[in-house]
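J.: Attaching a predicted model along with its sequence, questions to come.
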Amino acid sequence: MIDINIIRNNPDVVKENIKKKFQDSKLVLVDEVIALDKENRALKQEGDDLRAQRNKLSGEVGKLMKEKNFEEAEKIKAQVKAGAERIVQIEAKQAEIDAEIKNRMMIIPNIIDESVPIGEDDTHNVEVERFGEAKVPEYEIPYNADILEAINGLDKESAGRTSGAGFYYLLGDAARLHEAMLAYGRDFMIDQGFTYAIPPFMIHSDVVTGVMSFAEMDAMMYKIEGEDLYLIGTSEHSMIGKFKDQIIPEDKLPICMTSYSPCFRKEGGAHGLEERGIYRVHQFEKQEMIVLCKQEDALDWYNRMWKYTVEIFRNLEIPVRQLECCSGDLADLKVKSCDIEAWSPRQQKFFEVASCSTLGDAQARRLNIRAKGANGNYLVNTLNNTVLASPRALIAFLENHYMPDGSITIPECLRPYMGGKAVIEAKK
C-alpha cells in the first residue's frame, strides 16, 4: 500500500505507474481516493472546530451558572448537545470514509522502481545473466517422476488415496536428498549471518492482507473453515507478520532471518504433463530469507539476496540464470523483483526455482512495522527471497545429476547431509 501523500501530491505519478502495470481499470481509484480524502479532511476540520467550540461554550456555561443565569446557560447547553451529536455523526462518517479509502488504497499498486522493464506479462521478462554452462547430455534425461520411481523415491498413487491430486510421498534416498538440500540452504544462510527460524504455519487474515494483495490471497491461500486462520503459502508471510505493530530500534536494523516451513497453495488450473510428477503441487517445503532494513539500504540487500540463491545452486552444480521481472509481472506490492531459473536438460530450457523481491514500505505500512531513529519513527522496507524450494529444486537437481545408468550423483557440499553418500543408485 503506497503512502496517501503520494496520491495527494503526485496523482499523475500514481496513474502513470498504474499504466506501466497495464491495470488501466484501476485509474479511477486514484480520483476516488482524492475525492474521499478531500471529504474526510473537511469533516475532520468541522469536527475539530466543533470540539473547540464545545470547550469554549462549556466554559461559558460554568460562568453563567455561577451568575445564576440559568436560562442562558440552558440555551448554551442545548448548543453544546447539538454540537456533540454532530461530532458523533462526523466520526461515524469519517470511519466509513476511512474504510472506503483503505479498500481502494489496498488495490492501487505500489510504485515500481525506475529500473523495472516495462512489459505486459512474463513473456517480457528480461534475462540479465547466466551462471554455469547449460548443457544437454548425449543421453536422454527422463521425466522427474520416472527418475524418482527408478530409485523407489516417489509414491503419488498412495497420496492420491490419502489426500487427492497434487500430493505425493517422497521415500528413501529421494526424501533424504530433499531434506539434505533444504538443510544445506539453511546452513548456508546461517553462515551469511541470518538468524534461523521456524515460524507458525497458520496466520490470521490481517497478516495475510498485510503481506499480499487480495487477488493473490484468493488464488493461493487455503482458509481454515470456521476460524480466522490461513495456511501459509510461504514462510515470508508469518516471518514479516512477526513484526506487526512493532517499533524496532534503528540500531537493530537490518534484521536478517532465514526460515523453514511447509507451504500450502491451491495451484488452481494446473493441467498437463507436469502434473504427473512433482513440479506443480499443493504442498511443498521451502527455506526462505527475509530482510527488514532502511529504505536507503533496500536495493543493496536485494542484490545480495538473489546472489545468495545463485551461489547455493551453483554449489549444487546446477546452472541458473537471473531474470528481471517486467512491470506487468510484478505483484501489486512489489517495487522490484527477479526470478532465479534453473536449467532443465530434459526440457532444454530454464524454469523458475526462486523469486527475490523488494516491497519498499508497502508491507510495513499495512502491518504498522516501524523503526525508531534519531529523528523519530519511520516505516521499514521489507524484502524476501527463496533460498531453496523443493520439489522444484529437487527436479533441477535430479535432471542435472542424472547419469546414463539411472544413478544420481551427489556433489561434495551435500554429502555430509547424505551420510557421506556420493551416488544414489537406481533400484530398478
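T.: Perfect, I can see it now. Numbering: from 1, shown residues only.
J.: Tell me where the stretch 51-200 of the chain is predicted with low confidence.
T.: Residues of the stretch 51-200 of the chain meeting the criterion pLDDT under 70: 61.
J.: Please read the previous query as pertaining to the stretch 301-428 of the chain.
T.: Across the stretch 301-428 of the chain, the stretches falling below the confidence threshold (pLDDT under 70) are 428.
J.: Tell me where it has strands.
T.: Along the stretch 301-428 of the chain, the segments classed as strands by DSSP state E, counting those that start in this stretch run 320-324, 336-344, 349-358, 370-373, 376-379, 381-390, 408-409, 423-424.
J.: C-alpha coordinates for the second one, CSV please?
T.: Listed next in CSV are the C-alpha coordinates belonging to strand 336-344 (Å, rounded to 0.1, in the frame of the first residue of the first chain):
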residue,chain,number,x,y,z
LYS,A,336,11.3,-4.7,-8.0
SER,A,337,11.6,-8.4,-8.5
CYS,A,338,13.7,-11.1,-10.2
ASP,A,339,13.4,-14.8,-10.7
ILE,A,340,16.2,-17.3,-10.5
GLU,A,341,15.6,-20.1,-13.0
ALA,A,342,17.4,-23.4,-13.1
TRP,A,343,18.4,-25.3,-16.2
SER,A,344,16.4,-28.3,-17.3
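J.: how big is the angle separating it from strand 320-324?
T.: Counting by axes from the mean of the first three to the mean of the last three Cα atoms, to 10 degrees, strand 336-344 lies at 150 degrees to strand 320-324.
J.: So which of the strands of the stretch 301-428 of the chain is the most surrounded?
T.: strand 381-390 (a mean of 26; mean count of other Cβ atoms under 10 Å). For the C-beta atoms, the positions are set from N, CA and C on the backbone; glycine is no exception.
J.: What pairs with that strand, parallel or antiparallel?
T.: Sheet partners assigned to strand 381-390 using DSSP bridges are listed as strand 283-293 (antiparallel), strand 349-358 (antiparallel).
J.: returning to what we had before: just so I know, which of the strands of the stretch 301-428 of the chain lies nearest residue 57?
T.: Taking Cβ to Cβ, strand 376-379 is the member of those nearest to residue 57, at 35.8 Å.
J.: which residues touch stretch 402-410?
T.: By Cβ atoms under 8 Å, 6 or more residues apart in numbering, the residues outside stretch 402-410 that reach it are 139, 141-142, 147, 150-151, 173, 177, 397-398, 401, 418, 421-426.
J.: Buried ones among those residues?
T.: 141-142, 147, 150-151, 173, 177, 397-398, 401, 418, 421, 424, 426 (16 or more other Cβ atoms under 10 Å).
J.: what would the residues you listed look like in CSV with distance to residue 353?
T.: Formatted as CSV, those follow (distance: Cβ to Cβ, whole Å):
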residue, distance to residue 353
141, 17
142, 19
147, 17
150, 22
151, 21
173, 21
177, 15
397, 10
398, 13
401, 15
418, 20
421, 23
424, 20
426, 24
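J.: can you tell me which of those lies nearest to residue 298?
T.: Of these, the one sitting nearest to residue 298 (Cβ to Cβ) turns out to be residue 397, at 31.3 Å.
J.: Tell me who's in contact with the closest one.
T.: For residue 397, the contact set (Cβ under 8 Å, 6+ apart) comprises 177, 181, 316, 318, 408.
J.: Check this structure for its longest helix and report it.
T.: Identified as the longest helix of the chain according to DSSP state H is helix 27-66.
J.: What angle do helix 27-66 and the following helix or strand past that helix make with each other?
T.: Counting by DSSP states H and E, the next helix or strand C-terminal to helix 27-66 is helix 70-105. Between helix 70-105 and helix 27-66, the angle comes out at 160 degrees (the same axes, to 10 degrees).
J.: elements contacting helix 70-105?
T.: The helices and strands touching helix 70-105, judged by 3 or more Cβ pairs under 8 Å, 6 or more residues apart in numbering; DSSP states H and E, are helix 4-9, helix 27-66.
J.: now the helix or strand following the shortest one and helix 27-66, what's the angle there?
T.: Next helix or strand after helix 4-9 toward the C-terminus (DSSP H and E): helix 11-20. Relative orientation of helix 11-20 with respect to helix 27-66: 140 degrees, computed using the same axes, to 10 degrees.
J.: if we look at helix 11-20, which residues are touching it?
T.: Counting by Cβ under 8 Å, 6+ apart, 2, 6-7, 24, 26-27, 30-31, 34, 108-109, 111-112, 118, 327 sit against helix 11-20.
J.: tally of neighbours for residue 223?
T.: 15 (other Cβ atoms under 10 Å).
J.: can you check residue 176 too?
T.: Applying other Cβ under 10 Å, we find 18 residues neighbouring residue 176.
J.: Where does it fall, secondary structure wise?
T.: Counting by DSSP H and E, residue 176 is found in helix 172-191.
J.: which other residues reach the helix or strand that that helix is followed by?
T.: Later in the chain than helix 172-191, the nearest helix or strand by DSSP H and E is strand 195-197. By Cβ under 8 Å, 6+ apart, the residues outside strand 195-197 that reach it are 186, 189-190, 235, 239, 256-260.
J.: What residues sit buried inside strand 195-197?
T.: Buried residues in strand 195-197 (16+ other Cβ under 10 Å): residue 197.
J.: partners of that strand in the sheet?
T.: Using DSSP bridges, the strands paired with strand 195-197 are strand 255-264 (parallel).
J.: so for the strand it pairs with, what's the average pLDDT?
T.: Averaging pLDDT along strand 255-264 yields 96.
J.: And residue 346, how far from residue 312?
T.: Applying Cβ to Cβ, to the nearest Å, the value for residue 346 to residue 312 is 21 Å.
J.: I'd like to know how many residues surround residue 198.
T.: 10.
J.: just checking, it touches residue 258?
T.: No. Contact criterion Cβ atoms under 8 Å: residue 198 and residue 258 do not qualify, at 10.5 Å.
J.: With neighbour numbers in mind, choose between residue 346 and residue 312.
T.: residue 312 (24 against 20).
J.: how close does that one get to residue 189?
T.: Separation of residue 312 from residue 189 (Cβ to Cβ) stands at 9 Å.
J.: Residue 356 now?
T.: For residue 356 relative to residue 189 (Cβ to Cβ), the value is 13 Å.
J.: cool, and residue 421?
T.: Here residue 421 is placed at a distance of 24 Å from residue 189 (Cβ to Cβ).
J.: show me where the stretch 201-350 of the chain has helices.
T.: Using DSSP state H, counting those that start in this stretch, the helices of the stretch 201-350 of the chain run over 205-211, 214-220, 235-241, 298-315.
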